[in-house]
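1. Structure for the following, please:
(chains A and B)
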Amino acid sequence: MRGFLTLFFKEVLRFWKVSLQTVLAPLISTLLYLLVFSHVMADHADVYPGVSYAAFLIPGLAMMSMLQNAFANSSSSLVQSKVTGNLVFVLLTPLSHWEFYWAYVLASVVRGVLVGSVVLLTAWFFFAIPAREPLWIVVFALLATILSGSLGVLAGIWAEKFDQMAAWQNFIVLPLTFLSGAFYSIHSLPSFWNTLSRFNPFFYVIDGFRYGFLGSSDVSPWESLLIVGSACLALSWTTLALLRSGWRLRT
Amino acid sequence: MTAAIEIHGADKRFGTVHALKSVDLTVEAGDFFALLGPNGAGKTTLINLLAGLSVPDAGTLKVMGFDVVRDYQKARRNLGVVPQELVFDPFFTVRETLEIQSGYFGLKNNDDWIDDILDNLQLADKAHANMRTLSGGMKRRVLIAQALVHRPPVIVLDEPTAGVDVELRQSLWKFIQRLNREGHTILLTTHYLEEAEALCRRVAILKQGQIVAHDTTQNLLRSRDLSRLEDVFVAIMQDGGLEAES
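-> Take a look at the predicted model:
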């Protein structure tokens, strides 16, 4: 247990030592999105009856930053350690694949939730947004960061160079987070895009998280919970199996 | 008595390269053992198999009686490896690096031993310096400290003195000899054969993935009627003769 805790704290300490880059920078960029989109889109976006566009947008943006930062934490730590060679210090230890996996994922959860919380607290200074179902907020925040942190571990295991990691971020994580209903309700989309969005697990994460604030959503939070929970299990199982086999880590 | 290292039929290929060809090797507990060979002979591959950084295609490897694949946690607790490459984590200080490494092995309240290592490797005044700010020689010392932090009974040093100044070499060997006297088994790879000759009681020589000599240092010298291990090494590399294991 102590080995796992050490790796977990080390991963938290790693991002905290560069918090300007890992916490403050995402806060600034998310607030810029909020500033621009809440003014530009306010009169154009079709969201839920009686809900301002800012109130709709803020949970989506907070969740988007949580997903991106949870992914960045585990993936960048792993790929940096692989490229510089210092992952050997972890691989030489008696840590099991379970301890390895959960230490990286939970550190991602900490960073994701921290960034999301800072974004929400800052946004609350400027906009009034409700929090009607706080339990759903917590559940989806945790599941989302576990899902994204796991994806980061998977990407970190696979990537052997920084440009391979950039490909994951640019071609997988960024499109999945942007095309997930963070900025709009999928009911406002043409039917093809509406249907396509339903294959994106990040859509359910954002929709469920938003339900926690507004009490309304595009799909039932229970359906979102089922899909996000299943995605977490499938991704965790796959990543753990790869870690156990030593794929791309132990030659 | 359980051997510190037992290797039977260890075989490893990387694509078309046959890096290790059914290697058998035993290192007794308490020994100071040299694993020698030219570049590309398979020394680091063999160490990587022992450390669990690589997986053998065939054969078994044990550290203090624990199989490195089946009982990997116990095997790794008994093994400290100084890697050949100069790698470090740029986020942490020297002391943080050692405390973290200690924690990975489940150790707490390890400060006295960490202080002892820092003193013996002349790192005490750099304890709070960030790893990025250290010279190459200092980073090498930290690598050695990391391998020792959990007091492993078996210590593997993969070319630990490459690029290290004379002063550190001397203090390092003094410290390693002290550990050996206290019962730690030392497996050393080096290209400085005079160091191997002075320090190691037994020697194995790898060539193209095979053990071509394995004996006490004195027997190897006598068998070739030579006075220096370096001359024995050169002779073996030239004729490739397979010495009988004793």
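2. Residue of the stretch 151-251 of chain A nearest chain B, please.
-> The stretch 151-251 of chain A approaches chain B most closely through residue A:251 (4.8 Å), counting by C-beta to the nearest C-beta. In short, each C-beta sits where N, CA and C put it, glycine included.
3. tell me the secondary structure for the spatially closest residue to that residue that is not a sequence neighbour?
-> Closest residue in space to residue A:251, ignoring its immediate chain neighbours: residue B:54 at 4.8 Å, by C-beta to C-beta, 6 or more residues apart in numbering or on different chains. Under DSSP: H, G, I helix; E, B strand; the rest coil, residue B:54 falls in the coil class.
4. so who does residue B:54 touch?
-> A:250-251, B:12, B:45, B:48 (C-beta atoms under 8 Å, 6 or more residues apart in numbering or on different chains).
5. Which members of these occur in strands, if any?
-> Judged by DSSP state E, strands contain the following of the contacts of residue B:54: residue B:12.
6. could I get the contacts of residue B:54 as JSON lines with neighbour count?
-> Supplementary listing: the contacts of residue B:54 in JSON lines, determined by neighbours: other C-beta atoms under 10 Å in any protein chain shown:
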{"residue": "A:250", "neighbour count": "15"}
{"residue": "A:251", "neighbour count": "12"}
{"residue": "B:12", "neighbour count": "24"}
{"residue": "B:45", "neighbour count": "23"}
{"residue": "B:48", "neighbour count": "25"}
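7. Would you convert the contacts of residue B:54 into CSV that also reports pLDDT?
-> Listed next are these as CSV, based on pLDDT from 0 to 100:
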residue, pLDDT
A:250, 92
A:251, 83
B:12, 94
B:45, 94
B:48, 95
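8. Now tabulate the contacts of residue B:54 in a markdown table and tack on distance to residue A:66.
-> Shown next, in a markdown table, are the contacts of residue B:54 (distance: C-beta to C-beta, whole Å):
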| residue | distance to residue A:66 |
| --- | --- |
| A:250 | 32 |
| A:251 | 35 |
| B:12 | 43 |
| B:45 | 43 |
| B:48 | 38 |
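9. low-confidence ranges in the chain?
-> Chain wasn't specified; assuming chain A. A:42-46 (pLDDT under 70).
10. not what I meant, chain B
-> Looking at chain B by pLDDT under 70, you get B:240-246.
11. Around chain A, pick out the residues from it.
-> Proximity of chain B to chain A, by C-beta under 8 Å from any C-beta of the partner chain, involves residues B:14, B:48, B:51-55, B:72-74, B:76-77, B:79, B:81, B:83, B:85, B:87-92, B:96, B:100-108, B:146.
12. Tell me which of the residues you listed fall in strands.
-> B:14, B:79, B:81.
13. which among those residues gets closest to residue A:74?
-> residue B:81 (25.3 Å; C-beta to C-beta).
14. Tell me the spacing between that closest one and residue B:148.
-> 10 Å (C-beta to C-beta, to the nearest Å).
15. repeat for residue B:31
-> Taking C-beta to C-beta, one finds residue B:31 at 18 Å from residue B:148.
16. neighbour-wise, which of the two wins?
-> Set residue B:31 next to residue B:148 and count neighbours by other C-beta atoms under 10 Å in any protein chain shown: residue B:148 wins out with 23 against 20.
17. of the contacts of residue B:54, closest to residue A:222?
-> residue A:250 (40.9 Å).
18. hmm, back to that, most neighbours out of the ones in strands among the residues of chain B next to chain A, which is it?
-> Among those, residue B:79 has more neighbours than the rest - 28 neighbours, counting by other C-beta under 10 Å.
19. Help me confirm that that residue comes into contact with residue B:150.
-> No: in this structure residue B:79 lies outside contact range of residue B:150 using C-beta atoms under 8 Å: 9.3 Å.
20. The residue of chain A found nearest chain B and residue B:165, how far apart?
-> Per C-beta to the nearest C-beta, residue A:6 is where chain A lies closest to chain B, at 2.9 Å. Look at residue A:6 and residue B:165: by C-beta to C-beta, they are 32 Å apart.
21. picking that back up, out of the ones in strands among the residues of chain B next to chain A, who's nearest chain A?
-> residue B:81 (5.6 Å).
22. and the closest one, what does it touch?
-> Taking C-beta under 8 Å, 6+ apart, one finds A:92, B:47, B:50-51, B:147, B:156, B:158 in contact with residue B:81.
23. and residue B:118, helix, strand or coil?
-> Residue B:118 - assigned by three-state DSSP - is helix.
24. Burial check on it, number of neighbours?
-> For residue B:118, using other C-beta under 10 Å, the count is 20.
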